[in-house]
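Generate coordinates for the sequence data below:
(chains A and B)
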Amino acid sequence: GAVVSQHPSWVICKSGTSVKIECRSLDFQATTMFWYRQFPKQSLMLMATSNEGSKATYEQGVEKDKFLINHASLTLSTLTVTSAHPEDSSFYICSARAAGKGDEQFFGPGTRLTVL
Amino acid sequence: AQSVAQPEDQVNVAEGNPLTVKCTYSVSGNPYLFWYVQYPNRGLQFLLKYITGDNLVKGSYGFEAEFNKSQTSFHLKKPSALVSDSALYFCAVRPISSGSARQLTFGSGTQLTVLP
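Below you'll find the predicted structure:
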C-alpha cells in the first residue's frame, strides 16, 4: 500500500506554454500533498504544501502565479507550470501524507520537465 | 528552523566493504529522522526512519542507522556494500510537533558509488 503516482513521467514543451503535472495517491487518501523541485545532483527543495480543499502554502521565493497548485480531492493534486521557460526545466516530485499511516510521506516517481 | 547536513557529496566504497553515509541534524525538540534513496530519474524510496525507542534502526535492503542524540547524528550504515547500492542518498528530519512545521527538511544528498 501507500503508492503515489505522477503523470506524466517526462514532458518536453516549448517556451511559453503551460504544463500540468498530476500527483495521485492510489490506495490511500492524502490529506496533505507536497511539491518539490530538484535540480541535477541537488537536494529536494520544497515548493509548496497543499491540503485538500484549501489553498496551497508556498515556500518563500516560489511564485504562486507561476506554479499553480490544485488539491481538489483526497487523491489528486496538480501542479501547473504556467508560461514555462527553460529555467523551469527540472525534476518535479510530489509526496503525499495521510493520517493513520504513521504520518509518513510517500513519494511519487517524479516528472522530468524540459522546456525548450 | 530545522536543518540537515550531509558533509560528504560523494562516498566511494569497494563491494563487500562496510559503508557509512553521514548525517547530522538540527531541530527544535525531538526529531523524526529518515533516510531515502534515489536512483537516476526516479523518485525517493524510503529506507528507514527513527521516531523513538531503540537507537539502532534497521531498514530496507540491509541498511541500518544509529540515532545519536548527543552528537545529533543519524549515520546510515551497511555491513557489506553491493554494487546495486550505488545511488543518491538523502537524510531528512522533521520535528515531532503539530501544524505546518511537520514538513520534511532534506540534506544535500550523498552520492554513493560501490566499486566492483
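
Can you pull the residues of chain B lying near chain A?
Within chain B, the positions adjacent to chain A are B:32, B:36, B:41-46, B:49, B:88, B:90, B:100, B:102-104, B:106-109, B:111 by C-beta under 8 Å from any C-beta of the partner chain. For glycine as for every other residue, the C-beta is placed from the backbone atoms N, C-alpha and C.

among the residues you listed, which ones are buried?
B:32, B:36, B:42-44, B:46, B:49, B:88, B:90, B:102-104, B:106-109, B:111 (16 or more other C-beta atoms under 10 Å in any protein chain shown).

Can you flag which of these belong to strands?
B:32, B:36, B:44, B:46, B:49, B:88, B:90, B:106, B:111 (DSSP state E).

contacting residues for the closest residue to residue B:35 other than its chain neighbours?
Taking C-beta to C-beta, 6 or more residues apart in numbering or on different chains, and ignoring the residues beside it in sequence, residue B:35 has residue B:47 as its nearest neighbour in space, at 4.3 Å. Residue B:47 makes contacts with B:34, B:35, B:36, B:37, B:59, B:60, B:61, B:63, B:76, B:89, as judged by C-beta atoms under 8 Å, 6 or more residues apart in numbering or on different chains.

Could you measure from the last one over to residue A:110?
Taking C-beta to C-beta, to the nearest Å as the measure, residue B:89 falls 16 Å from residue A:110.

nearest residue to residue A:7 other than its sequence neighbours?
Residue A:7's closest residue in space is residue A:22 (C-beta to C-beta, 6+ apart), at 4.7 Å.

So, low pLDDT: which residues of chain B?
B:97-102 (pLDDT under 70).

What segments of it are strands?
Going by DSSP E, chain B shows strands at B:3-5, B:10-14, B:19-21, B:24-26, B:31-38, B:44-50, B:56-58, B:64-68, B:73-78, B:87-95, B:105-106, B:110-115.
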